[in-house]
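In: pasting the sequence and the predicted coordinates here, then a few questions.
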Amino acid sequence: MKAFDVVDAFEARVAEYAGARHGVAVDCCTHAIFLCLQYLKAEVEWVTVPARTYVSVPMAVLQAGCRMRFEDFAWQGVYTLRPTPVIDGAKRFRRGMYRGGLHCLSFHAKKILPIGRGGMVLTDDAEVAAWLRRARYDGREMGMPYAQERVDSMGWHMYMTPEQAARGLQLLDLLPEDTPDQREDYPDLRQMPVFR
């Protein structure tokens, strides 16, 4: 077994659990959102996010080169970064949760599947999954020896480690059948100097 085979196994298990064809594991949900926006970059100029969400989400939008708007809307568990198909699902993890789009998950220590650090993008699109796999790994193909590589696109150092994936596989077996959405009181991000 190669070191990153456990990451492949974790991706497959989470995708099956969620009801998606593909899962692409990354090092955190914020980076999952960032990579999805990078993939969509040519099609997206403005992105709308809730005024009350985790601070790294609008930062990821801006760092991906998009303009951003805050909007007042209530959400629980998941919300869509409109008008994109990107879904922030950091506060939900349950069987059959995937409903399409680019659904981003969080496996932070405080989340429902608390592996410590990590995230994933769920998608039914094989082309998107292939792009995300290379993008998360410095534009490289996982498992390809350095001497044989011909990197032809930009990438980022945002992959999930085999250790985190192994912990995720262990914890998946311990999840209860019913996992309610997590709730959090977020401040109004429009009041933060960084977004003015």
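Out: Received the coordinates, thanks.
In: quick one: mean pLDDT for the host helix or strand of C104?
Out: Per DSSP states H and E: C104 is located in strand 102-106. Regarding strand 102-106, the rounded mean pLDDT is 98.
In: now the next helix or strand after that strand against strand 102-106, angle please.
Out: The helix or strand immediately downstream of strand 102-106 is strand 119-123, counting by DSSP H and E. Per axes from the mean of the first three to the mean of the last three Cα atoms, to 10 degrees, the angle that strand 119-123 makes with strand 102-106 is 160 degrees.
In: roughly how far out does the lengthiest helix in the chain sit from the chain middle?
Out: Using DSSP state H, we find that the single longest helix of the chain is helix 5-18. Centre-to-centre, helix 5-18 and its host chain are 14 Å apart (Cα atoms, centre = their mean, to the nearest Å).
In: could you do stretch 111-119 as well?
Out: 11 Å.
In: what of stretch 5-23?
Out: With Cα atoms, centre = their mean, you get 13 Å for stretch 5-23.
In: so where's the protein shaky on pLDDT?
Out: Residue ranges of the chain with pLDDT under 70: 1.
In: mind listing the helices for it?
Out: Going by DSSP H, the chain shows helices at 5-18, 29-40, 56-63, 126-135, 162-172.
In: and Y186, how far from Y79?
Out: In this view, Y186 and Y79 are 12 Å apart by Cβ to Cβ, to the nearest Å. The way it works is simple: take the backbone N, C-alpha and C, and place the C-beta from them, glycine included.
In: mutual contacts of those two, please.
Out: Listed as contacting both Y186 and Y79 by Cβ atoms under 8 Å, 6 or more residues apart in numbering are T53.
In: so for those two, which sits in the more crowded spot?
Out: More crowded of Y186 and Y79, by other Cβ atoms under 10 Å: Y79, with 20 against 12.
In: my guess is that one contacts F73. True?
Out: Yes - Y79 is within contact range of F73, at 7.5 Å (criterion: Cβ atoms under 8 Å).
In: shared neighbours of those two, which are they?
Out: P50.
In: next, count neighbours for the closest residue to A126 other than its chain neighbours.
Out: Residue nearest to A126 in three dimensions, not counting chain neighbours: H22, with 6.5 Å by Cβ to Cβ, 6 or more residues apart in numbering. By other Cβ under 10 Å, 20 other residues sit near H22.
In: the one 3 residues further on now?
Out: Using other Cβ under 10 Å, A25 is surrounded by 27 other residues.
In: residues in contact with it?
Out: Counting by Cβ under 8 Å, 6+ apart, A25 touches 7, 10-11, 14, 118-120, 136, 159-160, 164-165.
In: if I look at the nearest residue to M120 once chain neighbours are set aside, how far off is V128?
Out: In this structure, M120 finds its nearest non-sequential neighbour in L105, 4.5 Å apart by Cβ to Cβ, 6+ apart. Using Cβ to Cβ, we find L105 at a distance of 15 Å from V128.
In: ditto for W46
Out: Taken as Cβ to Cβ, the span from W46 to V128 is 21 Å.
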